[in-house]
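>>> Prediction below, plus the sequence it came from.
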Number of protein chains: 2
Amino acid sequence: MTLSKPDKNQVFLGTFIHSKSLGELEYLHNTAVCVDASGKIVAIETNCNQQKAVETLYARLGWSLDNVSVTLTRDGRQFFFPGFVDTHVHAPQYPNIGIFGKSTLLDWLNTYTFPMEASLSSIPKARRVYTQCIRQTLAHGTTTAAYYATIDVDATNLLADLCYSMGQRAFIGRVCMDHLGPDYYIDESADQALAATRATIEHIRRLDSNFELVSPILTPRFAPACSVETMRGLSELQKQTQLPMQTHISENMDEIELVKKIFPNSKSYADVYDTYGILNEKMILAHAIHLTEEEADLIAERNSKVAHCPVSNSALSSGVARVRWLLDKGIQVGLGTDMSGGYSPSILEAARHAKLVSNHLVMPGGQLDNLWQEERDKAKLSVDEVLYLATRGGAQVVGLADKIGAFEVGMQWDAQLIDLNAVPAEIAEDDFTTHGNVDIFGWEKWDERIAKWVFNGDSRNTKKVWVRGRLVHQQT
Amino acid sequence: MTLSKPDKNQVFLGTFIHSKSLGELEYLHNTAVCVDASGKIVAIETNCNQQKAVETLYARLGWSLDNVSVTLTRDGRQFFFPGFVDTHVHAPQYPNIGIFGKSTLLDWLNTYTFPMEASLSSIPKARRVYTQCIRQTLAHGTTTAAYYATIDVDATNLLADLCYSMGQRAFIGRVCMDHLGPDYYIDESADQALAATRATIEHIRRLDSNFELVSPILTPRFAPACSVETMRGLSELQKQTQLPMQTHISENMDEIELVKKIFPNSKSYADVYDTYGILNEKMILAHAIHLTEEEADLIAERNSKVAHCPVSNSALSSGVARVRWLLDKGIQVGLGTDMSGGYSPSILEAARHAKLVSNHLVMPGGQLDNLWQEERDKAKLSVDEVLYLATRGGAQVVGLADKIGAFEVGMQWDAQLIDLNAVPAEIAEDDFTTHGNVDIFGWEKWDERIAKWVFNGDSRNTKKVWVRGRLVHQQT
């Protein structure tokens, strides 16, 4: 399959669904969204159809009929939805998804993760793994991903090249870890970690000079794996480059103990990052499960962001992040697959689990079970809310809230076409064709169709995916 | 597609994986399984290939070459697995899967469930819903299902007819509820509930006289919805018919309070069922989340079974059943989708969530977080264990442990052919074909392939499904 380049103006017609606010999806039917050849949304018109679009919009935009491609939704079963943002994902761990046994964070790192990451210094292996990772995440509607790569510069640069050529919007993090790692997989020194980081930045600058599709992201692995010099050096580098940064925080109780032991003079895990100058509005913190009240307040004050990774947190028995509590403090939250701590390449599955683990917090025996009924209901996330986290929330987390995550004039066309299965009125008993797991009988209201998609949808429902107007995936 | 009838002898060759015991899967490679025209496994030969099968097995079995059909697995990516057993599923609620909002059991029943169930007294609607439910569960490898239908006899009988013609092994429960239901959906009296139950039994006896594929199952909805007379009457009917029975127990805290209020003289929820003569070895109890020590001991003593429904329990915020604790008491446990309390038609997804919720029990803030490390690790279920629950465990629960759930001579060929995606060595960047979510790179050990399937598998991986030797689903 050759994917089309966005060399034409495009009009999308039909049903569009996106987040208006945290608690509310907006349903736009009979709507036209016009996207110019650069991939930018230049007009949105409700109460529109193809004829009206031609007569009024094309004229207003100065478009001629022969240079516009048109994509329609099928009534009642198809809709356009903003592309998903994966705010935390380790591309080199892709082959390990589903493989974690009964391990928890620290033994999981040594048993499964470090050996796999180290092995990707083989460029042919890295090419195979990264290509399949990008392909699968695109197929699941992930139009933007904040990737951790490995310590290997060449393989990290390859990940950037592949995202660029396959068309996925991406942040590429060359991983810095000069402390406590295994002998076979560790940065020699802070200087070396910083030099390697700069090498990747320069590579990406040559690839995509303004970082419009692919951007570097500074990536201290997590406090236990970084010397003070590395954190200070990355802080300096950030001041020079204004690049975003990503790390982990407060995922696992043993990890937190380890941080206390390594940094005995710090008040908390969050305070370590704050002390060394990297807790700021450009920081994406993955997990944030066991934060104290003071840490969450500090994170809110610094305007750092949180990548919530519920699938991973349940798989590695890490705990349940209190998303409502973070949101109530004004912290911006997105979703991460955290492959391969998380087993699924799908942000839709992360959204589903964000809902489920918020239920776990308040169910009998859960840690917030002692709250009043009203507070318990509030702690649970709704379908609309988890879809917000998957799109607009994620866009905020990666610093692109003005560009992606919704359908607004001036934003980029990063979108997916979702198709649900319409169950026929008469079904032959011996016809065993199925079209995915989302069966629509026809009487469902739109919010019920969306709920069905959130709980049973998978990549079979993701028919087409675009980034910056370019078609980057379609079902064959 | 016309599905083949098992009018021939069949040989299956290649890799077979099934549960040897709770904690151990057995991997049989280069193996032949011979199935006679009645659907029974008549020989299993390891270290075998097609030529050897012809030369030795056919001769021993008296089979001639021209009356045997052969099915092979593809090396390293395909295997035969026993069909799944869904020990708790409400067929009429199928259209509601994914639709539950923030509700919990009692309001969920009134808001979503009773209206849908009542509406299936329309036979055309029931035909459409039941056909699609059976089709989807077969497509997910469910070869045996213990169904709740509705109070409507005609629609319940239709469900039995459809299972019989589509080839799914099934228990069909006409639901008894003569207490506390809504005006529009309730049995008028115990006599009427019992008469309707008998009508369905007679219908199924005419359909499948020995209940070999489709069997009635006595179905008091749950204690709050049943008068004492109905429970006593069903107990009598069970003594006459020796039929199995199914109900719910201890799913939700408000439900438990309600039971206390209705049965003030009973010692516990389990004691209600025991008092009225229905807590015995033929009883399937769904959920069993909040049982007391005494209740679990009583259930173990009566040898009643438990249908664990983790997807439902998380979705409706019911709680987390302590499966290890139940198993340690000697209680037999299977898995249920509990559609539409559960949102997924897949027992594989139920197995995945059985693993995840067992993690939730012992993670920080979980109800068993206070245990020692060793006990915590033990409370977590392994991949092998959840697959046991999905097959052999389920077979025990529905009383068919000698017939289904594994590959043994004398058992029925209720099986599925699973296919994983082999990632090519060289991937073209612009080829966006995907084949499901389970990507095998080739270096994975077999237990890792199985783990990948458990966590990312879906009906795309289920290529063919057989019940009693009959091909009842294949991907087209």
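Thanks, I have the structure now.

>>> right, is the helix or strand harbouring A:Ile134 up against chain B?
Here A:Ile134 sits within helix A:123-139, counting by DSSP states H and E. Yes: Helix A:123-139 lies within reach of chain B by CB under 8 Å from any CB of the partner chain, at A:127-129, A:131-132, A:135-136, A:138-139. Every residue, glycine included, has its C-beta placed from N, CA and C.

>>> repeat for stretch A:438-446
Yes: with CB under 8 Å from any CB as the criterion, chain B is reached by stretch A:438-446 at A:438-439, A:441, A:443-444.

>>> if you average pLDDT over that stretch, what comes out?
Regarding stretch A:438-446, the rounded mean pLDDT is 97.

>>> Same check on stretch A:416-426?
95.

>>> and what of stretch A:238-251?
Stretch A:238-251 comes out at a mean pLDDT of 98.

>>> what comes up buried for it?
Neighbour-count burial for stretch A:238-251 flags A:238, A:243-251 (criterion: 16 or more other CB atoms under 10 Å in any protein chain shown).

>>> So which of those residues sit within helices?
A:Gln238 (DSSP state H).

>>> just to revisit the earlier point, I'd like to know which of the residues of helix A:123-139 next to chain B is nearest to A:Pro364.
Of all these, A:Pro364 sits closest to A:Gln136, with 37.0 Å by CB to CB.

>>> which residue does the stretch 51-200 of chain A bring closest to chain B?
Taking CB to the nearest CB as the measure, the point where the stretch 51-200 of chain A comes nearest chain B is A:Gly98, at 3.6 Å.

>>> sorry, back to before: can you list the buried residues of stretch A:238-251 in TSV and add distance to chain B?
Putting those into TSV (distance: CB to the nearest CB, whole Å) gives the following:
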residue	distance to chain B
A:Gln238	32
A:Leu243	26
A:Pro244	26
A:Met245	27
A:Gln246	24
A:Thr247	21
A:His248	16
A:Ile249	15
A:Ser250	11
A:Glu251	11
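
>>> Save the buried residues of stretch A:238-251 as CSV, and put in distance to B:Val85 too.
Shown next, in CSV, are the buried residues of stretch A:238-251 (distance: CB to CB, whole Å):
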residue, distance to B:Val85
A:Gln238, 56
A:Leu243, 53
A:Pro244, 49
A:Met245, 50
A:Gln246, 44
A:Thr247, 45
A:His248, 40
A:Ile249, 43
A:Ser250, 41
A:Glu251, 36
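
>>> Could you tell me whether the residue of the stretch 51-200 of chain A closest to chain B really is in a strand?
No: looking at A:Gly98 with DSSP: H, G, I helix; E, B strand; the rest coil, it is coil, so not inside a strand.

>>> Hmm, it is touching B:Asn456, no?
Yes: with contact defined as CB atoms under 8 Å, A:Gly98 counts as touching B:Asn456 (5.5 Å).

>>> who touches both of the two?
Jointly contacting A:Gly98 and B:Asn456 under the rule CB atoms under 8 Å, 6 or more residues apart in numbering or on different chains are A:343, B:438.

>>> In the stretch 51-200 of chain A, where is pLDDT below threshold?
Regions of the stretch 51-200 of chain A meeting the criterion pLDDT under 70 are absent.

>>> So which residues of it form strands?
A:68-72, A:78-82, A:84-90, A:142-148, A:169-173, A:175-176 (DSSP state E, counting those that start in this stretch).

>>> The shortest one pairs with which strands, parallel or anti?
Translated: strand A:175-176. strand A:219-220 (parallel) (DSSP bridges).

>>> same deal with the third one?
Partner strands and pairing direction for strand A:84-90 (DSSP bridges) are strand A:142-148 (parallel).

>>> do the fifth one as well
Strand A:169-173 has its sheet partners listed here by DSSP bridges as strand A:142-148 (parallel), strand A:214-216 (parallel).

>>> can you give me how far the shortest one is from the chain middle?
So the one you mean is strand A:214-216. Relative to its parent chain, strand A:214-216 has a centroid offset of 15 Å by CA atoms, centre = their mean, to the nearest Å.

>>> Need the residues that contact it.
A:160, A:163-164, A:169-174, A:197, A:200-201, A:204, A:207-208, A:241, A:243-244.

>>> Of the residues you listed, keep whichever come out buried.
For the contacts of strand A:214-216, buried by 16+ other CB under 10 Å: A:160, A:163-164, A:169-174, A:197, A:200-201, A:204, A:207-208, A:243-244.

>>> For the stretch 351-476 of chain A, which segments count as helices?
Along the stretch 351-476 of chain A, the stretches classed as helices by DSSP state H, counting those that start in this stretch are A:373-379, A:383-388, A:394-397, A:446-456.

>>> any idea which of the ones you listed is most buried?
helix A:394-397 (a mean of 29; mean count of other CB atoms under 10 Å in any protein chain shown).

>>> now that one: mean pLDDT?
98.

>>> Dump the helices of the stretch 351-476 of chain A into JSON lines; add distance to A:Thr46 as well.
Formatted as JSON lines, the helices of the stretch 351-476 of chain A follow (distance: least, CB to CB, whole Å):
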{"stretch": "helix A:373-379", "distance to A:Thr46": "32"}
{"stretch": "helix A:383-388", "distance to A:Thr46": "20"}
{"stretch": "helix A:394-397", "distance to A:Thr46": "23"}
{"stretch": "helix A:446-456", "distance to A:Thr46": "15"}
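
>>> mean pLDDT lowest for which of the ones you listed?
Across those, helix A:373-379 gives the lowest mean pLDDT, at a mean of 91.

>>> Dump it to CSV, keeping only the CA atoms.
Output in CSV follows, covering the C-alpha atoms of helix A:373-379 (Å, rounded to 0.1, in the frame of the first residue of the first chain):
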residue,chain,number,x,y,z
GLN,A,373,-21.1,7.9,48.2
GLU,A,374,-20.9,11.2,46.3
GLU,A,375,-17.1,11.4,46.5
ARG,A,376,-16.9,7.8,45.4
ASP,A,377,-19.0,8.4,42.4
LYS,A,378,-16.8,11.5,41.6
ALA,A,379,-13.6,9.5,41.8
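
>>> roughly how far apart are A:Trp347 and chain B?
Quick fix: residue A:347 reads Ile, not Trp. 13 Å (CB to the nearest CB, to the nearest Å).

>>> Excluding chain neighbours, what is closest to the spatially most central residue of chain A?
Geometric centre of chain A, nearest residue: A:Asp86, 0.9 Å, by CA atoms, centre = their mean. In space, and not counting its chain neighbours, A:Asp86 is closest to A:Ala145: 4.4 Å by CB to CB, 6 or more residues apart in numbering or on different chains.

>>> so the one you found touches A:Gln168, yeah?
Yes: assessed by CB under 8 Å, A:Ala145 is found in contact with A:Gln168 at 6.3 Å.

>>> Need the overlap of contacts for those two.
Contacts common to A:Ala145 and A:Gln168, judged by CB under 8 Å, 6+ apart, are A:Thr137.

>>> List buried members of the residues of stretch A:438-446 next to chain B by neighbour count.
The buried subset of those (16+ other CB under 10 Å) comprises A:438-439, A:441, A:444.
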